[in-house]
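J.: sequence first, then the predicted structure, then my questions.
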Amino acid sequence: MIMDRLARALDDRLRLSPLARKALAKVFPDHWSFMLGEIALYSFVALILTGVYLTLFFDPSSADRVYHGSYAPMDGSTTSAAYASTVRLSWDVRAGLLIRQTHHWAALIFVAAILVHLVRIFFTGAYRKPRELNWLVGVTMLALALANGFTGYSMPDDLLSGLGLRIIVSVVESIPLVGSWLVFLGLGGEFPSEEMIPRMFVSHVLLVPAVLVALVSAHLAMIVRQKHSQFAGPGRTEHNVVGSRLFPSYTLRSLALFAWVLAVLFALGGLVQINPVWIYGPFAPAQATAPAQPDWYVAWGDGALRLFPPWEIHIAGHLVPAPFFPGVVLGGVTFLALYAWPFLERLCTGDRASHQLLDRPRDHPVRTGVGVLALTFFGVLVVTAGDGIIARLLRVPIYDVLNVLRVLVLVLPVLAGVLAFVLARALRRGGAARLGDLTRADLRAGRQRTGEGAGPRAAGEPELPAPDRPGERIELWPDGDVWRWRYRDEPAGVAILGNRAVLSKGAAAESARLAYPGVDHVTVPGPPPPPPPGRIRTMLVRWGNVALGASLLAAALRQRRDRRRDGDGQPPR
């Protein structure tokens, strides 16, 4: 009652109900791949929740501290305050190790979900007009997630993270002219400085999360404004969205996904050990360990540094060290290509139309080939970051492993990209449903150099809106006290039932108009009523009702008789 009055009072003053009704009526596609972005969002929420808990116990300081705690091998050792508080958090704080490991796993899954979501958008062409700005926001979130993950990984000041930070500092210092100044500005002095950990702490818990929250909000606002893209299918055009409404169906599905994400993250945090800093020991600049690998999302940079030969050049009298090319140039070119790709594709294809329908990877073989080439290239770099483990397992010299990987990083991406291009073009020209259905004739057609054959829908060719295709209509009919509607395509034999009943015919027509603009509306009889029951069934129902009534009446009379006997002082029989 109180909440109802409060809601009515707010609505009387702010008039929020029309906006709420419009928002709750928003339609979301039902395809599973659209939930990848929500996995990233919910992992980010888990990061914030667990990060707040960790902030209460972590001491972001490089000052010396004497550790006294449950971890006996380090009891009485002098380390940095950051490292000592991390060990104490893992061994002495209730649920500290669970929350710390859950936070670490959430960071890994957060970056992975953003990356997989980005790959889905790339291969389906969801970055095209009018969604270029949303693509730029997504790429920026990926860059910030990588940076924030690395600062969080480095703050405990253990030996492994200290080595990784030393490598990044060396990469930044390799930038000609300004490298040393950038390191001094970022760390507040030469590495390792007293201001290093406090500055990473401020960036990790305040600056970057604030920017990420703003970008996530902008990302969601643009989705609401521009509507969701969707895969082509019956009844789906460039002007509508077919799927489930935000409330209640999509809301329940999304909340269930949120619960699953939290359950998986806490299960990983409680059952799978990650980053045991007490084993690594505190960071000491004179010490190093091998084999050692960073987290996977920065392993590609480590792998590039290991593969690149020790070449150094001089430009205008300035030395350009070897780490500059794999560390700065590769990362800069990668993100520059990601930012520029929507505009480069539009320039090359001349496609300036707005797109609501997504492509299948086969619809654009060049895009598919480039994407597979890039993924294979960075996959080899990630594997290279584990060259020490590979050499130990195979019991071969590590330089032999590096030589093999140097060949693979140049050859394997090209082969994978060409193979993906040929298969995509074969699928497009042959019309096979999946890779297993391809024939030799399809593969020969995919290898031909002739112009790209027309598939089910040519690239950049908009699908005709619903009113230009005959045989389509919206059917409205009464169903008791409510009205329902369905979309019907007679030539295709498709009938899609609206997932919500409304109170009037006008409301049903408006709901159908939002989903299928321009389609004619017709009123049809509702589904036929169920057939009347037979004579035997009628007699059984009738006599059953009579028997039920007689039993209830007998029970009532018996209860009344028992009450009278209790009143006369006679014991009931």
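T.: The structure has been received and is ready for your questions.
J.: in the helix or strand harbouring residue 542, which residues are buried?
T.: Per DSSP states H and E, residue 542 falls inside helix 535-567. Within helix 535-567, not a single residue qualifies as buried, counting by 16 or more other C-beta atoms under 10 Å. C-beta: built from backbone N, CA, C; applies to glycine.
J.: quick one: average pLDDT of it?
T.: Helix 535-567 shows a mean pLDDT of 77.
J.: and stretch 281-288, by the same measure?
T.: So the average pLDDT for stretch 281-288 ends up being 84.
J.: list the buried residues for that stretch?
T.: Quick answer for stretch 281-288 (16+ other C-beta under 10 Å): 281, 282, 283.
J.: hang on, isn't the second one packed against residue 82?
T.: Pointing back at residue 282 there. No. Checked against C-beta atoms under 8 Å, the pair residue 282 and residue 82 is beyond contact range at 9.2 Å.
J.: mind listing the shared neighbours of these two?
T.: Jointly contacting residue 282 and residue 82 under the rule C-beta atoms under 8 Å, 6 or more residues apart in numbering are residue 157.
J.: assign a three-state SS to residue 476, would you?
T.: strand (DSSP: H, G, I helix; E, B strand; the rest coil).
J.: which regions of the stretch 251-400 of the chain lie under the pLDDT threshold?
T.: Along the stretch 251-400 of the chain, no part satisfies pLDDT under 70.
J.: all helices for it, in order.
T.: 251-271, 277-280, 296-307, 330-349, 365-384, 387-394, 398-430 (DSSP state H, counting those that start in this stretch).
J.: so which elements touch the last one?
T.: This points to helix 398-430. helix 296-307, helix 365-384, helix 387-394, helix 440-447 (3 or more C-beta pairs under 8 Å, 6 or more residues apart in numbering; DSSP states H and E).
J.: may I see the buried residues of it?
T.: By neighbour count with 16+ other C-beta under 10 Å, helix 398-430 contains the buried residues 398, 401-402, 405-406, 408-409, 412-413, 416-417, 420-430.
J.: how about the first one?
T.: Under the neighbour-count criterion of 16+ other C-beta under 10 Å, helix 251-271 has 254, 258, 261, 262, 264, 265, 266, 268, 269 buried.
J.: and stretch 475-489, by the same measure?
T.: By neighbour count with 16+ other C-beta under 10 Å, stretch 475-489 contains the buried residues 475, 476, 477, 483, 484, 485, 487, 488, 489.
J.: on that earlier part again, among the buried residues of helix 251-271, which one lies nearest to residue 248?
T.: Residue 248 lies nearest to residue 254 out of the buried residues of helix 251-271, by C-beta to C-beta, at 10.7 Å.
J.: which residues touch that closest one?
T.: Counting by C-beta under 8 Å, 6+ apart, the residues that residue 254 touches are 35, 38.
J.: kindly recompute the last result at 7 Å.
T.: Residue 254 sits next to residue 38 when contact means C-beta atoms under 7 Å, 6 or more residues apart in numbering.
J.: ok, it to residue 119 distance?
T.: According to C-beta to C-beta, to the nearest Å, residue 254 and residue 119 sit 22 Å apart.
J.: and residue 557, how far is that from residue 96?
T.: 69 Å.
J.: I'd say residue 428 and residue 362 touch.
T.: Yes. Assessed by C-beta atoms under 7 Å, residue 428 is found in contact with residue 362 at 4.5 Å.
J.: which of the buried residues of stretch 475-489 sit farthest apart?
T.: So, the buried residues of stretch 475-489 by C-beta to C-beta: farthest apart are 483 and 489, at 21.1 Å.
J.: ok, back up a step: of all the helices and strands packed on helix 398-430, which lies closest to residue 148?
T.: Using C-beta to C-beta, the helices and strands packed on helix 398-430 put helix 296-307 closest to residue 148, at 10.7 Å.
J.: enumerate the positions of the closest one that are buried.
T.: Buried residues in helix 296-307, counted by 16+ other C-beta under 10 Å: 297, 298, 299, 300, 301, 302, 303, 304, 305, 306, 307.
J.: for the first one, which non-adjacent residue is spatially closest?
T.: Distance criterion C-beta to C-beta, 6 or more residues apart in numbering; nearest residue to residue 297, sequence neighbours excluded, is residue 111 at 4.5 Å.
J.: same check on the second one?
T.: On the basis of C-beta to C-beta, 6+ apart, the spatially nearest residue to residue 298 that is not a chain neighbour turns out to be residue 150, at 5.8 Å.
J.: same question for residue 314.
T.: Residue 314 sits nearest to residue 320 (C-beta to C-beta, 6+ apart), 7.1 Å away.
J.: show me where the stretch 101-250 of the chain has strands.
T.: Secondary structure of the stretch 101-250 of the chain (DSSP state E, counting those that start in this stretch): strands located at 230-231, 244-245.
J.: can you redo those strands as a markdown table with mean pLDDT and mean neighbour count?
T.: Below are the strands of the stretch 101-250 of the chain laid out as a markdown table (pLDDT from 0 to 100; neighbours: other C-beta atoms under 10 Å):
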| stretch | mean pLDDT | mean neighbour count |
| --- | --- | --- |
| strand 230-231 | 86 | 20 |
| strand 244-245 | 83 | 18 |
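J.: how about those, which one is nearest residue 540?
T.: Judging those by C-beta to C-beta, what sits closest to residue 540 is strand 244-245, at 41.3 Å.
J.: adjacent strands (with direction) for the closest one?
T.: strand 27-28 (antiparallel) (DSSP bridges).
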